[in-house]
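[1] build the 3D model from these lines:
(4 chains)
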Amino acid sequence: MKGYIEINKELCKECHLCIYACPKGCITPAKEYNSRGYHPVCTAEKKECSGCALCAVMCPEVAIEVYRE
Amino acid sequence: MMLKTIFSGFGGQGVLMMGYSFAHSAMNKGYHVTYLPSYGAEVRGGTANCTIAVADEEITSPVASEPDYVVVMNSPSLITFQNKITCGGTMFLNSSIVEIRPSRKDIKICAVPCGDMAREMGNIRVANIIMMGAFIKKTGIVPSDVYLKSIGTIMGGKKKSVAELNQKAFTAGYDFVKD
Amino acid sequence: MAKKVFSRPKCLKEAIFHYCPGCGHSIAHRLVAEVIDELGIRGTAIGIPPAGCAVLAYNYLDVDMIEAQHGRGPAMASGIKRMLPDGIVFSYQGDGDLAAIGIAESFHSANRGENITIIFINNAVYGMTGGQMAPTTILEQKTTTTPGGRNKTSEGYPVKVCELLSSLDGTTYIERCAVNSPAGVNKTKKAIKKAFQCQIDGLGFSLVEILSPCPTNWKMTPIDSCKWIDTTMSKVFPLGVFKDNTTAVKKSREAAS
Amino acid sequence: MNKVLMSGNNIIGEAAIRAGCRFYAGYPITPQNELTEYMAEHLRTVEGGVFLQSESEIAAIHMITGASATGARVMTSSSSPGISLKQEGISSMAACELPGIIVNIMRGGPGLGNIRPAQGDYFQATRGGGHGDYRTIVFGPATCQELADLTMDAFDLADKYRTPVMILADGMMGQMMEPVIFKKPKPRQYNEKFMLRGAGHGKSKIIRGLILDPIDMEEHNWKLARKYQVIIDHETLHEEYKTEDAKLVIVAYGTSARIAKGAIKRLRDKGMKVGLFRPITLWPFPELKLRKLAEKINNFLVFEMSTGQMLEDVRLALQGYADIGFHGRPGGVVPTPAELANVVARHYEKKD
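    Purely as a prediction, here's the structure:
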């Protein structure tokens, strides 16, 4: 199963619960700030997302949308 | 005209019923009327009393500090109210169980052995209606037919035998006292 | 062609939550919204937010809402539901709201078996006022009003709401869950859905207690907060279904009719 | 319609149900228990009627708030200590602009006080009672007939202004029976847009009193204040009794006003020209009408079954242009007309 996620960086508050939830380590902190002063998360390169949606289930800000192919 | 009456006795003697039926009949006669029960923490039995004011004008205070009539159905009530009654007023007392008499000489006394009379009729519970017969005749505020009609309304759905007993009890009390 | 498998529920307004990073309220709000969407009850739902961090829940949930004074949600819900039996009435409450100031209202609405749903957020602390002791604060837990840790001899014991209310004959469905892991979140959603379904079916009082992280007042990272629920909090407040009379009530209804 | 002989507590209940009250919540407290019991007995026989015995007075006021939000006509009742507990909810109803009737059958206070008739809750009732900038309309009925009429009117006013209305009576009014005739209630006028009944397919509604932005909160306060001004301008009620030729006017409300009338009859029999000014709405207080009276009379005596609460409103109304005496019997004492007549006579002769 393959998939991908879209992160709304403006909503992210840097709680990192998605990083904690992702079984494959697909999500990492970003270096830049968003407009509300948080370092949002972003998808890590070269990692394979299965579209399991565990990150989105955990995300308090509803900042993640999940797609499956 | 403004007449105030206190009905008092043991709880269970039907003193609130006496007051209510009198107030009801006075209302039907077209008078202004107030009925004020004594109230307190709930205790079964004990003494009960209520105050009825009847007038041909607006009634201001429903409280009777100097009642024109006092109906006492037991001895404690006599002790409580004997000094309140207005000069020249009348005390109705249930002489079947009230053995003492007020020491005052400026009031009239109407003694009715309503307890004994009720027992003779076979139902102690109509003692209050017998007393009301005497009260209605002596005071003349409400005609007897108006009072009996009120009793009928209040008793409403009760059995015919009860209505007949009430009628009989009332008449006995009414005939007991002289004009 | 990729298929969207997770997106924002319709019943959740396009507003950014005012909650702290990693707060369990946000997750619980989303779950309530998802359940309302899935059960199709948006048009008949009436929600009651608490006093506390979630007082602004009406900024997020797109259903009719009426604010209650602190702790009075269940009384208000009772009044609404009695006059509007076809409405789906829920009260969203925190631990101070439900188990301290509003314990009488919660207890008696449960005891009357009001056909309402309560979403109860237990984060073992008073969040909005800055981290004071809650009735659900666990022993030895440090808060701003128990700086040496909650002491059983002076502050008493944490109140166990599910255990307490499930002992009442009036309650129908009571479950305690936690939103500290994806599995826990999914379980919580199922519980919320079951609680609302209980109300829709007219089966009586339902309550879902949610152990919910408060990283700010616990002075932990969000991830550590989630772990603390596993290692410590859920030992005091064990998870599980405390009461499920839905089938029994249904059967007795059918037998009666 | 026929005259019926009923107690004040029962009259309020009957008038409320006739006016369309369909939700009542309350908690027993003497001397208003008969009202709670009346609602329990009679609300179940009307279509859509709900009676709830609450776990506390606090719960009761919030239950009726919830029911009011759905658009039902609602009422709760209590006596002094219980009304103190209800203040949280009354403040909330005023803030959320929800109609509802609160009946206070006053007893002696402060604290638990006693269960005799008293008028010590005037300040609490007329100053809002709870926290924040708000008022409630307060009726002070003096006869059982007025209890019946004003209870019905209270529902109409509560709807019209979307505000809680209080009926402030005392143990005497609650317990006393008098003949009454129930008038025909007016058809209800209350806009559905204020009712919370689920969003349906439309926009969701919010009813709230929490407004975090101080500028918005200020505007909400001024909006309420403007509403209260309209109430002051249009809904003030009072009665004047034998004031045309009066040299002294007693100011009293409720049970006190009845006693005052008794005193006035005695004084008039002795040739003393005494009248009565009786506020029927305690808030809004009929201050302009009272001030008008001071143009020709400058001797007033306030009589209350308290240590002097309405007295302050009378002082505000007369603004020092008249002499104001006071006689008070707090704590559950109901004085006789004769006692009051003696007090009034002293004031009368002092000025005469």
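[2] contact partners for the closest residue to residue D:286 other than its chain neighbours?
    Distances taken as Cβ to Cβ, 6 or more residues apart in numbering or on different chains place residue D:238 nearest to residue D:286, at 3.9 Å, with adjacent residues excluded. C-betas here are computed from N, CA, C, even on glycine. When contacts are counted by Cβ atoms under 8 Å, 6 or more residues apart in numbering or on different chains, residue D:238 touches D:277, D:278, D:279, D:280, D:281, D:286, D:289, D:290.
[3] please report phi then psi for residue D:238.
    When quoted as degrees, to the nearest 10, the phi and psi of residue D:238 stand at phi -150, psi 170.
[4] quick one: the strands in the chain?
    No chain was given, so I picked chain A. For chain A, the strands identified by DSSP state E occupy A:3-7, A:27-29, A:41-43, A:64-68, in order along the chain.
[5] ah, no, chain C please
    With strands called from DSSP E, chain C shows them at C:3-6, C:45-48, C:64-66, C:88-94, C:117-122, C:171-178, C:205-211, C:240-244.
[6] which one of the ones you listed is the most hemmed in?
    Mean neighbour count, computed with mean count of other Cβ atoms under 10 Å in any protein chain shown, is highest for strand C:88-94 among the strands of chain C, reaching a mean of 30.
[7] need the contact list for residue 6.
    All of this refers to chain A. For residue A:6, the set of contacting residues under the criterion of Cβ under 8 Å, 6+ apart consists of A:64, A:65, A:67.
[8] think we crossed wires, I meant chain C
    A:53, A:56, A:57, A:64, A:65, A:66.
[9] what residues sit buried inside the longest helix anywhere in chain B?
    Across chain B, the helix with the greatest residue count (assigned by DSSP state H) is helix B:160-176. Residues of helix B:160-176 classed as buried by neighbour count (16 or more other Cβ atoms under 10 Å in any protein chain shown): B:165, B:166, B:169, B:170, B:172, B:173, B:174, B:176.
[10] give me the helices and strands touching it, please.
    Helices and strands touching helix B:160-176, by 3 or more Cβ pairs under 8 Å, 6 or more residues apart in numbering or on different chains; DSSP states H and E, are helix B:114-121, helix B:127-139, helix B:144-155.
[11] turn the ones you listed into TSV, including distance to residue D:98, mean pLDDT and mean neighbour count.
    Rendered in TSV, the data for the helices and strands packed on helix B:160-176 read as follows (distance: least, Cβ to Cβ, whole Å; pLDDT from 0 to 100; neighbours: other Cβ atoms under 10 Å in any protein chain shown):
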stretch	distance to residue D:98	mean pLDDT	mean neighbour count
helix B:114-121	56	96	19
helix B:127-139	49	97	25
helix B:144-155	41	93	17
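[12] of all those helices, which lies closest to chain C?
    Between chain C and the helices and strands packed on helix B:160-176, the shortest gap by Cβ to the nearest Cβ is with helix B:144-155, which sits at 34.9 Å.
[13] so the closest one versus helix B:127-139, what angle?
    Our comparison of helix B:144-155 with helix B:127-139, counting by axes from the mean of the first three to the mean of the last three Cα atoms, to 10 degrees, yields an angle of 150 degrees.
[14] buried sites along stretch D:324-334?
    D:324, D:325, D:326, D:327, D:328, D:329, D:330, D:331, D:332, D:334.
[15] end-to-end on it?
    In stretch D:324-334, first residue to last residue: 22 Å (Cα to Cα, to the nearest Å).
[16] go on, stretch D:241-248?
    Taking Cα to Cα, the span from the opening residue of stretch D:241-248 to its closing residue is 12 Å.
[17] again, but for stretch B:90-104
    Across its full length, stretch B:90-104 reaches 11 Å between end residues, using Cα to Cα.
[18] contact partners of that stretch?
    If you take Cβ under 8 Å, 6+ apart as the criterion, stretch B:90-104 is touched by B:9, B:68-75, B:78-79, B:81-83, B:85, B:107-117, B:127, B:131, B:134-135, B:138-139.
[19] can you give me phi and psi for residue D:236?
    The phi/psi pair for residue D:236 (degrees, to the nearest 10) reads phi -70, psi 130.
[20] equivalent analysis for residue C:51, please.
    phi -90, psi 140.
[21] can you get me a residue count around it?
    As a burial measure, the neighbour count of residue C:51 was computed by other Cβ atoms under 10 Å in any protein chain shown and equals 22.
[22] what about the residue nearest to residue D:99 when sequence neighbours are not counted, neighbour count?
    Here the nearest residue to residue D:99 in space, its sequence neighbours aside, is residue D:158; by Cβ to Cβ, 6+ apart that works out to 3.6 Å. Taking other Cβ under 10 Å as the criterion, the count of residues near residue D:158 is 26.
[23] doesn't residue D:158 lie inside a helix?
    Yes - applying DSSP: H, G, I helix; E, B strand; the rest coil, one finds residue D:158 inside a helix.
[24] for the stretch 1-150 of chain D, which residue gets nearest to chain A?
    The nearest approach of the stretch 1-150 of chain D to chain A comes at residue D:69, 29.0 Å away (Cβ to the nearest Cβ).
[25] where does chain D dip in pLDDT?
    Where chain D drops to pLDDT under 70, the residues are D:1, D:351-352.
[26] for stretch B:71-91, which residues meet the burial criterion?
    Taking 16+ other Cβ under 10 Å as the neighbour-count basis, stretch B:71-91 is seen to contain the buried residues B:71-75, B:77-78, B:80-82, B:85-86, B:89-91.
[27] between the residues you listed, which is nearest chain D?
    Closest approach between the buried residues of stretch B:71-91 and chain D, by Cβ to the nearest Cβ: residue B:86, at 11.8 Å.
[28] I'd assumed that closest one was in a helix, is it?
    No - according to three-state DSSP, the state of residue B:86 is coil, so it is not within a helix.
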